[in-house]
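Enquirer: need a structure here:
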Amino acid sequence: MDVHVQALEECARQALRVKNMLDFDDAFVNSDVTAPQGDTKSDIFGELEGAGVLAAKIDAIWESVRSELGEGRNRMTNVERALGQVASNFRGAETGSGA
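Expert: Below is the predicted model of the structure:
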């Protein structure tokens, strides 16, 4: 049964690794691109009609990305915990049956 527990623990480690990859700010590390700071200024679009609406839409998209990554991090945390609990239950069952 130890092989199963090791496999579960490895899956939990991978879940933690993936969770850490879903950090919004970390997505921009070692990149020429920077994370958006504050609200998008409509004047970057010059005299374009509807520039304010476009800037607001861009901000909404960035917020959506940030939110989705946060949800993914939460889910991966739950997966990691669940796998740890299952591994612990296997160990407990193994110890209990060996007595």
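
Enquirer: just the helices in the protein please.
Expert: In the chain, the helices defined using DSSP state H lie at 2-21, 51-97.

Enquirer: tell me what the shortest one is packed against?
Expert: Right, the one you point to is helix 2-21. helix 51-97 (3 or more CB pairs under 8 Å, 6 or more residues apart in numbering; DSSP states H and E). For every residue, glycine as well, the C-beta is placed using N, CA and C.

Enquirer: which residue sits closest to G72, ignoring its sequence neighbours?
Expert: Excluding its sequence neighbours, the residue lying closest to G72 (CB to CB, 6 or more residues apart in numbering) is L22, at 4.5 Å.

Enquirer: wait, what's in contact with the one you found?
Expert: 69-70, 72-73, 76 (CB atoms under 8 Å, 6 or more residues apart in numbering).

Enquirer: Could you rerun that using 10 Å?
Expert: Residues in contact with L22, defined by CB atoms under 10 Å, 6 or more residues apart in numbering, are 68-76.

Enquirer: Mark which of those are buried, thanks.
Expert: Neighbour-count burial (16 or more other CB atoms under 10 Å) applied to the contacts of L22 gives 69, 73, 76.

Enquirer: As JSON lines, those residues with pLDDT and distance to G46 would be great.
Expert: Shown next, in JSON lines, are those (pLDDT from 0 to 100; distance: CB to CB, whole Å):
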{"residue": "L69", "pLDDT": "94", "distance to G46": "31"}
{"residue": "R73", "pLDDT": "96", "distance to G46": "37"}
{"residue": "M76", "pLDDT": "96", "distance to G46": "42"}
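
Enquirer: Need the residues you listed in TSV (columns: distance to A27).
Expert: Listed next are the buried ones among the contacts of L22 as TSV, based on distance: CB to CB, whole Å:
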residue	distance to A27
L69	8
R73	12
M76	15
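
Enquirer: Nearest to A51 among the residues you listed?
Expert: L69 (27.4 Å; CB to CB).

Enquirer: now that closest one: how far from R91?
Expert: L69 is 33 Å from R91, where distance means CB to CB, to the nearest Å.

Enquirer: Same question for E68.
Expert: From E68 across to R91, the span is 35 Å (CB to CB).
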